[in-house]
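>>> Coordinates for the following, if possible.
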Amino acid sequence: MLGAGWLNDQRKIGLGLTGFGILFTILGMLLLFDRGLIAMGNLLFLAGLSTTIGFQSTVAFFSKRKNRKGSIFYIGGCVMVVIGWTVIGLLVEAYGFWLLFCEFIPTALQFFRRTPVMGKILDLPILKMIFNRLAPMGGLPTTNFQTKGQ
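Numbering: from 1, shown residues only. Below you'll find the model as predicted:
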């Protein structure tokens with residue numbers, strides 16, 4: 001279990017910046033691929049990530065040998081958005097984001113599966129089928145609560 005100080009003020013600010021970055025990116029896509037909002041979302045996401053885990057850890061994450069391809073695509077997509085190729089840049093950026101963070105999907109699914117509301121949503125048959133194909137570790141994990149009822 002994590003200690004009491006794992007969520008200090010710096011990490012709270014970093015998580016807030018990351019959340020605002022995701023929000024701005026989604027708003028930029030909803031408002032017909034607004035270049036300014038998407039660029040601001042990218043900047044806030046990177047600032048939030050480096051504030052949450054630290055600047056040196058962020059640089060180490062993006063420069064790992066196995067993450068270099070994803071880093072190049074993500075940063076290249078961010079540059080394309082700033083230049084003005086918003087849709088292409090967003091697609092390139094999404095591919096880089098997928099390459100960088102796809103190994104965290106089973107962990108995130110396991111966390112969301114254990115929350116009350118998201119657990120019920122993830123148990124819907126169509127979502128279960130989709131996420132079982134996405135998660136390379138044999139599908140969505142089951143909890144003790146779900147196995148007791150069967």
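
>>> which helix is the longest one in the protein?
Longest helix of the chain, by residue count under DSSP state H: helix 9-30.

>>> residues of that helix that come out buried?
11, 14, 17-18, 20-21, 24-25, 28-29 (16 or more other Cβ atoms under 10 Å). Quick note: C-beta positions are derived from backbone N, CA and C, even for glycine.

>>> Now that we have the residues you listed, can you turn them into a markdown table and tack on distance to residue 35 and pLDDT?
Listed next are the buried residues of helix 9-30 as a markdown table, based on distance: Cβ to Cβ, whole Å; pLDDT from 0 to 100:
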| residue | distance to residue 35 | pLDDT |
| --- | --- | --- |
| 11 | 30 | 90 |
| 14 | 25 | 93 |
| 17 | 20 | 96 |
| 18 | 21 | 93 |
| 20 | 17 | 96 |
| 21 | 15 | 95 |
| 24 | 12 | 96 |
| 25 | 12 | 94 |
| 28 | 8 | 94 |
| 29 | 11 | 94 |
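
>>> Tabulate those residues (JSON lines), appending distance to residue 97.
Formatted as JSON lines, the buried residues of helix 9-30 follow (distance: Cβ to Cβ, whole Å):
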{"residue": "11", "distance to residue 97": "21"}
{"residue": "14", "distance to residue 97": "18"}
{"residue": "17", "distance to residue 97": "17"}
{"residue": "18", "distance to residue 97": "13"}
{"residue": "20", "distance to residue 97": "17"}
{"residue": "21", "distance to residue 97": "12"}
{"residue": "24", "distance to residue 97": "15"}
{"residue": "25", "distance to residue 97": "10"}
{"residue": "28", "distance to residue 97": "15"}
{"residue": "29", "distance to residue 97": "13"}
